[in-house]
Structure formats: structure tokens, C-alpha cells
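>>> What would the 3D arrangement of this be:
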Amino acid sequence: MWKENYMSEIMVRERFLRSGKKVYEYSFEMASVDGKRKRKSKSGFASKRDARIAGRKALSEYENVGQVMVDRDISYADFLDLWMENDCKLTCKESTLYGYEKKIRLYLKPELGGYRVSSIDKKILQTFITDLYNDGFSINTIISIKGLLTKSFNYALENHYIMTSPANKLVIPQNMQPDKPTRRKEHIYLTKDNIDSLFERFPKGTSSFVPLQIAYHTGMRPGEVFGLVWDDIDFDNKVINVNRQIQWRQVKRSKKDIKKTNGTSESLGYWYFTSPKYKSYRVIDIDDVLVSILKEEYEKQKRDEEYYGEFYKKYYSEFQLLFSVQKNKEKEIPLNEVSTKETDFGVDFVCRREDGSYVTSRTLQNVSNAVHKELDIPGYDTYSLRHTHGTMLIENGADTVYVQRRLGHKNINVTMNIYTNHLTPIIKSRNNITLNNMY
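Here you go, the predicted model:
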């Protein structure tokens, strides 16, 4: 019986560039596609020998892989775009994608993007990781960047851009002294005078008052505060159910389309609900002062809605919201876009203006700017009230595990490292009393 020989033959020929320079090109026959013969070729080699060696290697890889070859000359920058488009966007949550895109834009492309993906070796990546450490990046940031390297090169390996992954077993040099101090932002603690000044500047009636009060009295994250709807608040039992957070997603849409479908912003993006950080669904107690503030705000919004009537701004979610912390823990919550486009699922935000328009978390950026310029509180940012709440709990003798669960920390070490390092006068005094009572 007749048997076809599939082994291809390397052909090498001379070629001349426009400059007149002579180079060599290899080529070999590949599998037919739709009955048409295909050849793989590459030129630019200085000698016939170089072209033949490269051709043999390419042919060997082609026959071992058993499929049409990919472009192994693709840059790492272009490969990252391809990986994001063909893999990450199919498997990752939007919040995860946003984090990937940011780290790729800030770290991977500037330092590694110019290399061919097939030319990057472990030495290049290890030097990159070590340089990040020496430049003062936090261990958590380096771990997340290392994870991106591992995932992207695994995809390159699976799709035959490379033969082995250079990202395997990269080491984060935690036991050596970095050249620069770690870039760890100091968490500031607001004094009583600071708090008084803050609420004198942003009193009742301003759009910032309610979210600032919630953050101060609960220690909730900004995304959790601005993701609250009235059904999350149980006035009878004096608790808030943390069922979600709200985040902003930047996308390339026309302003006309955004204005038509999304009343929360006219810029290129949209707000969406997603699970709290670390899926820290929880029920937290609230004090009588905050209960009173929230009850008053609730009644005010009902009066505002009646006054504005059909002109009162209304918002909707793509999917129905769940208001049970336990059910949210048990079920994977989809990303849930928020817009003014009517659906069956109305969203009754806690943070609203008089006309019903949503007060977004970007309000806190305006607060920070005003605090820096007018109140002279160095280091104040959108998390300062959260850190202050945690420190006040420790000051007043709250159990560390209670603080961890209330604030939704991933583990107890976060609580210990961040919220017990403020040696305020109250904490120092209490520690001195404890010390003196020991002997």
C-alpha cells in the first residue's frame, strides 16, 4: 500500500535586501490547509549555515508540536494583549481583569514588553523580581506581579510560543535588605480634633456627610459604603449587612452610549456590584448615633423622592441583589452592572443627593483634596476613617478577633500589623497600667 512521507525538507536560498545586502532564508513545507500547500519561511540570516540550523530547529519544533506554528517572534507586550483577550477575558472577573491590566501597564510592559516572548529566560525574570524588591515594592505587590508572570508564561507554554516556562520557581528575596525602604503607605489615625474638623467641613446636608459617617462608625471599606442599599440596613436589630462592594470599570464606549445607558457617569465606563474584598460578607453592629443619622437620611430621601416625582433619579442593576449574607457566601455572585436603564431590579442607594443622583466613591477623593488644602491633616486618604475606627476599637479594649471580623480582614495578621501599631496615648496608658499590675 502506498504511504506518504510527511517529513519535510529544509530549503535554503539567497535573498537580497533593498540595501543590496545578501542574506539567507530557510523554508519548509507544512501541512496543507483546505487542500492548499503551505510553507514556513524566515529570512535575515548572515550565512547559509545559520539559516539551515535555524530551519532544522523550526522544523523539529513544528513536527513535535504537530500543528501550525505560532509566531515565536511576538513581543511580550503584544503577547500580553493576546493573552488578556483570548484567555483572561474568558475566565476572570472584571475586577480581576482591571487589576491585571493595571499591573501589565505599569510594570510588565515597561520593563519586559520589548523582549521577544521566546527570548525571555529565567535570569531576566529573576532580575526583574529582585529589582522590584530593591526598589521598595511591598511583598504583596511582588507576589501578585510574579503570579501574572507565571500565568502568562504558562499560557505561552500551552500554546507553543515557548518550549519551557522561564517563570517557574522565581524567588522573592525576602531575607535580604532592599536598597530602598518598602513602599508601604503609613496608615494614619485621626484624633478627636481631626474628626471634629472633618465634620465641621462636611456637615449634615453635604453629599459627603452620610458616607463619611458610615465609614467612621463602621470601618467599612469605601466600596462597601457606597455599595449599600437601604435593604442592607436592619434598623430594628441595629446591624448593617455587608453584601457587596461597588467598583468602577473603565471601558472604551462612546460617550453617547454611556449617557444613554448609564446615568451614574457620562465618562467611558460604568459602576458595577461585586463581592466584597476577600468575599468578606459579614453582619456588623452599629451604634445609636449612626442609627439615628441613617434613619433621618432614609426619611429625608422619601420626602425628596415625593417632591421630585418622576424627575427623581432612579437606578437599576442587571441582576437581582441578594440581601442575605449567608446566601451570598454560598453563591458565586456575578458582576452586576448599575445603570439608569430600567430593569426589574431597582437599586435604592443609601448614598444619594437630593434629586436621587448617586453619590459615588469619587466623592472621597474630593474630600481628601479639601482636607489636605484646608484642614492640614497630613496623610489623610479615603481609608483614614477605616483605620481610625479599627484603632479606636483596639484603644477601647475590643478583642482582636472581633476587630478582624468587623473590618473583614483576610486574616488576623492584617489586624495585628495595621491596627495595633498606632501607639496612641490611650493604648500606651492602658499598657502601662497592665505592666504595673503585673508586679
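>>> Near the closest residue to residue 250 other than its chain neighbours, how many other residues are there?
Of all residues not flanking residue 250 in the chain, residue 269 sits nearest, at 4.4 Å (C-beta to C-beta, 6 or more residues apart in numbering). All C-beta atoms are positioned from the backbone trio N, CA, C, and that covers glycine. By other C-beta atoms under 10 Å, the residues close to residue 269 number 16.
>>> can you pull out the strands in the protein?
Using DSSP state E, the strands of the chain run over 11-16, 22-33, 36-45, 233-234, 239-242, 245-250, 269-274, 282-285, 315-317, 336-339, 346-347.
>>> one step back: quick check, the residue nearest to residue 250 in contact with residue 249.
Yes. Counting by C-beta atoms under 8 Å, residue 269 does reach residue 249; the two are 5.4 Å apart.
>>> all helices of the stretch 251-400 of the chain, in order?
Here the stretch 251-400 of the chain has its helices, by DSSP state H, counting those that start in this stretch, at 255-261, 288-308, 325-330, 363-370, 384-395, 400-407.
>>> Of those, give the one that comes closest to residue 95.
helix 325-330 (15.6 Å; C-beta to C-beta).
>>> gap between that closest one and the chain center?
With C-alpha atoms, centre = their mean, to the nearest Å as the basis, helix 325-330 stands 23 Å off its chain's centre.
>>> ditto for stretch 403-410
20 Å.
>>> Now it - C-alpha only, CSV.
Written as CSV, here are the backbone C-alpha positions of stretch 403-410 (Å, rounded to 0.1, in the frame of the first residue of the first chain):
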residue,chain,number,x,y,z
VAL,A,403,-11.9,43.7,65.0
GLN,A,404,-10.8,41.3,62.3
ARG,A,405,-14.3,40.1,61.6
ARG,A,406,-15.9,43.5,61.8
LEU,A,407,-13.4,45.0,59.3
GLY,A,408,-13.5,42.0,57.1
HIS,A,409,-9.7,41.3,57.1
LYS,A,410,-8.4,38.2,55.4
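>>> That stretch: which residues count as buried?
Within stretch 403-410, the residues that qualify as buried are 403-409, counting by 16 or more other C-beta atoms under 10 Å.
>>> With stretch 98-114 instead?
Buried residues in stretch 98-114 (16+ other C-beta under 10 Å): 100, 103-104, 107-109, 111-113.
>>> I'd say residue 73 and residue 79 touch.
No. Applying C-beta under 8 Å, one finds residue 73 not in contact with residue 79, separated by 10.5 Å.
>>> Tell me which of those two has more neighbours.
Taking neighbours as other C-beta under 10 Å, residue 73 and residue 79 compare with residue 79 leading, 25 against 12.
>>> nearest residue to that one other than its sequence neighbours?
Per C-beta to C-beta, 6+ apart, closest to residue 79 is residue 117, 4.5 Å.
>>> and the residue lying closest to residue 27 once chain neighbours are set aside, how far is that from residue 55?
Spatial nearest neighbour of residue 27, excluding adjacent residues (C-beta to C-beta, 6+ apart): residue 41 at 3.7 Å. Residue 41 sits 9 Å away from residue 55, taking C-beta to C-beta, to the nearest Å as the criterion.
>>> Which of these two has more residues huddled nearby?
Neighbours were counted for residue 41 and for residue 55 using other C-beta under 10 Å; residue 55 has more, 24 against 13.
>>> where does the stretch 151-300 of the chain dip in pLDDT?
Low-confidence segments of the stretch 151-300 of the chain, defined by pLDDT under 70: 175-186, 251-268.
>>> please redo it, this time with the cut-off set to 80
Applying pLDDT under 80 to the stretch 151-300 of the chain flags residues 174-187, 249-268.
>>> thinking again about what came up before, what touches both of residue 41 and residue 55?
Any residue near both residue 41 and residue 55 by C-beta atoms under 8 Å, 6 or more residues apart in numbering counts here, and that gives 26-28.
>>> Kindly reformat those residues as CSV containing neighbour count, distance to residue 210 and pLDDT.
Output for the shared contacts of residue 41 and residue 55, formatted as CSV (neighbours: other C-beta atoms under 10 Å; distance: C-beta to C-beta, whole Å; pLDDT from 0 to 100):
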residue, neighbour count, distance to residue 210, pLDDT
26, 24, 70, 90
27, 20, 70, 89
28, 18, 70, 85
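>>> any chance of those in JSON lines, with distance to residue 373 too?
As requested, the shared contacts of residue 41 and residue 55 are exported to JSON lines (distance: C-beta to C-beta, whole Å):
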{"residue": "26", "distance to residue 373": "66"}
{"residue": "27", "distance to residue 373": "67"}
{"residue": "28", "distance to residue 373": "68"}
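>>> so which of the buried residues of stretch 403-410 comes closest to residue 92?
For those, the nearest to residue 92 is residue 408 (22.1 Å; C-beta to C-beta).
>>> Read off the pLDDT value for the closest one.
pLDDT for residue 408: 94.
>>> List the residues that contact it.
Per C-beta under 8 Å, 6+ apart, neighbours of residue 408: 220-221, 224, 242, 276-278, 280, 282.
>>> Report the contact partners of residue 54.
Residue 54 makes contact with 26, 42, 45 under the criterion C-beta under 8 Å, 6+ apart.
>>> Pull the number of nearby residues for the nearest residue to the last one once chain neighbours are set aside.
Closest residue to residue 45 in three dimensions, ignoring its sequence neighbours and counting by C-beta to C-beta, 6+ apart: residue 51, at 3.9 Å. Other residues within reach of residue 51 by the criterion other C-beta under 10 Å amount to 25.
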